[in-house]
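[1] need a 3D model of the following:
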Amino acid sequence: MDVHDKETRSYNMSRIKGRDTKPEILVRQECHRQGLRFRLHRKDLPGKPDLVFSKYKTVIFVHGCYWHSHDCKYGAVVPKTNTEFWQTKRSATVDRDERKSLELQYCGWRVLVYWECEVRDRDALAERIQNDFLRQSD
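    Here you go, the predicted structure:
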């Protein structure tokens, strides 16, 4: 049984953003701090990547662990109500992520995925971004 009534649950779910999330903003801030310039959510690319680095032919998707079924403790959460619906929805999201990633790679883009749980450690995030883009310029 859900702890909220249907209207409250609906309101809570409507407040969940698909862009400009805290993890996405943290990645943007760190990229900018390192001198990397990017465009946001380019509609002409498959999947509308969160950050697009045209100079490096690289895109970054910042995925929420729950919504994209990451293999961490946050992504492993199973909803107690309407379980089948959410499992189907999350699995479709994973399938779509894979499809869009392959389309981008086919077009010559390098695809990076940063997970919500990984972004929490700012020092590790800074190091990963630096490594990802240093390796790219080799």
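
[2] longest helix in this protein, please.
    Taking DSSP state H as the criterion, the chain has its longest helix at helix 83-106.

[3] just the CA atoms of the following helix or strand past that one, as CSV, please.
    Per DSSP states H and E, helix 83-106 leads on to strand 110-115 as the next helix or strand towards the C-terminus. Output in CSV follows, covering the C-alpha atoms of strand 110-115 (Å, rounded to 0.1, in the frame of the first residue of the first chain):
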residue,chain,number,x,y,z
ARG,A,110,31.6,9.1,-28.3
VAL,A,111,29.0,8.5,-25.6
LEU,A,112,29.7,8.9,-21.9
VAL,A,113,27.3,8.0,-19.1
TYR,A,114,27.6,9.6,-15.7
TRP,A,115,25.4,8.1,-13.0
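
[4] so which elements touch strand 110-115?
    On a contact count with 3 or more Cβ pairs under 8 Å, 6 or more residues apart in numbering; DSSP states H and E, strand 110-115 meets strand 58-63, helix 83-106, helix 122-136. C-beta here means a position set from N, CA and C on the backbone, and glycine is covered the same way.
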